[in-house]
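Peer 1: this one's structure only:
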């Protein structure tokens with residue numbers, strides 16, 4: 001009986017309880033080994049001679065993998081309940097142990113309004129992570145396999161689509177949907193809206209940003225400060241509210257003057273977005 005006899009049989013349709021008890025083998029020198037999936041159900045059974053070394057190398061571990069939902073998957077990681085010596089001396093239940101990975105978006109980019117249709121989509125505030133739960137061969141005091149947790153930040157590897165503003169705002173569009181894709185994934189982890197406001201600071205809509213616009217903002221500010229009732233459309237207000245704090249005041253006028261100064265003296269002036277981010 002020194003020659004090893006292994007008979008693999010698929011048993012996916014058979015459900016076992018998490019506590020397995022085996023009948024005594026017909027021969028004392030033959031043992032039954034059951035291979036259990038992540039849920040404690042038997043997938044394979046085979047027999048092995050007493051004293052032989054356990055070898056699970058021929059089992060296709062990919063069959064254990066599960067997609068729990070669109071953002072969570074479990075993959076085979078290791079075996080549990082393996083004899084310390086690797087030698088089989090009794091009937092065994094061997095467990096496939098998993099690594100469960102859940103990807104999540106913890107924070108979407110805060111930059112959703114653009115004043116230029118050139119340049120890249122800003123995803124500086126994006127937070128995307130993968131939470132990894134690993135079922136280890138070690139057991140707790142109740143006999144359950146211990147599960148560890150690790151959180152890995154992957155936002156630096158994520159990509160927006162469209163990736164640049166001229167593509168997002170093509171054909172004169174003033175709005176777009178940005179999808180964020182994790183690495184090596186064809187499924188977006190999050191989608192959000194952006195919009196293009198082309199006339200920031202050009203209060204009088206003459207196609208230029210200059211001291212005249214700054215003066216108009218100051219006049220509005222003066223009227224509002226004294227309680228004078230002035231009527232502005234939403235777009236007129238937004239052209240004046242440079243720092244987007246819902247207030248028209250001297251700081252907005254000052255920013256227009258500063259930007260006008262750069263436009264007047266630089267051969268390669270920044271966009272409003274670049275200027276305001278400094």
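Peer 2: Sure thing, it's come through. Keep in mind that this is a model prediction, so the values were computed, not measured. Numbers count the residues shown, from 1 in each chain.
Peer 1: All the strands of the stretch 1-150 of the chain, residue numbers only.
Peer 2: All strands of the stretch 1-150 of the chain, identified by DSSP state E, counting those that start in this stretch, fall at 9-10, 30-36, 42-49, 66-69, 72-80, 92-107, 113-114, 127-139, 145-153.
Peer 1: Comparing these by mean pLDDT, which bottoms out?
Peer 2: Mean pLDDT per stretch puts strand 9-10 lowest among the strands of the stretch 1-150 of the chain, at a mean of 32.
Peer 1: residue contacts, residue 78?
Peer 2: 97, 136, 137 (C-beta atoms under 8 Å, 6 or more residues apart in numbering). Heads up, the C-betas are built off the backbone N, CA and C, glycines and all.
Peer 1: switch the cut-off to 7 Å
Peer 2: Neighbouring residues of residue 78 by C-beta atoms under 7 Å, 6 or more residues apart in numbering: 97, 137.
Peer 1: how near is it to residue 84?
Peer 2: 15 Å (C-beta to C-beta, to the nearest Å).
Peer 1: Give me the contact list for the helix or strand containing residue 160.
Peer 2: Per DSSP states H and E, residue 160 falls inside strand 159-161. With contacts defined as C-beta under 7 Å, 6+ apart, strand 159-161 is touched by 121, 123, 178, 179, 180, 181.
Peer 1: can you tell me which two in those residues are farthest apart?
Peer 2: 121 and 181 (12.2 Å; C-beta to C-beta).
Peer 1: In terms of neighbours, single out the busier of those two.
Peer 2: More crowded of residue 121 and residue 181, by other C-beta atoms under 10 Å: residue 121, with 20 against 17.
Peer 1: pretty sure that one contacts residue 178?
Peer 2: Yes - under the criterion of C-beta atoms under 7 Å, residue 121 makes contact with residue 178 at 5.9 Å.
Peer 1: shared neighbours of these two, anything?
Peer 2: Among the neighbours of residue 121, those also in contact with residue 178 (C-beta under 7 Å, 6+ apart) are 160, 162, 168.
Peer 1: Can you tell me how far the residue lying closest to the last one once chain neighbours are set aside is from residue 145?
Peer 2: Which is residue 168. Among residues not flanking residue 168 along the chain, residue 176 sits closest, at 3.9 Å (C-beta to C-beta, 6 or more residues apart in numbering). Distance, residue 176 to residue 145, by C-beta to C-beta: 47 Å.
Peer 1: rewinding a little: can you tell me what sits against whatever helix or strand comes next after the strand holding residue 160?
Peer 2: Using DSSP H and E, the helix or strand that follows strand 159-161 towards the C-terminus is helix 165-168. The contact list for helix 165-168, computed with C-beta under 7 Å, 6+ apart, reads 114, 116, 117, 118, 119, 121, 162, 176, 178, 194.
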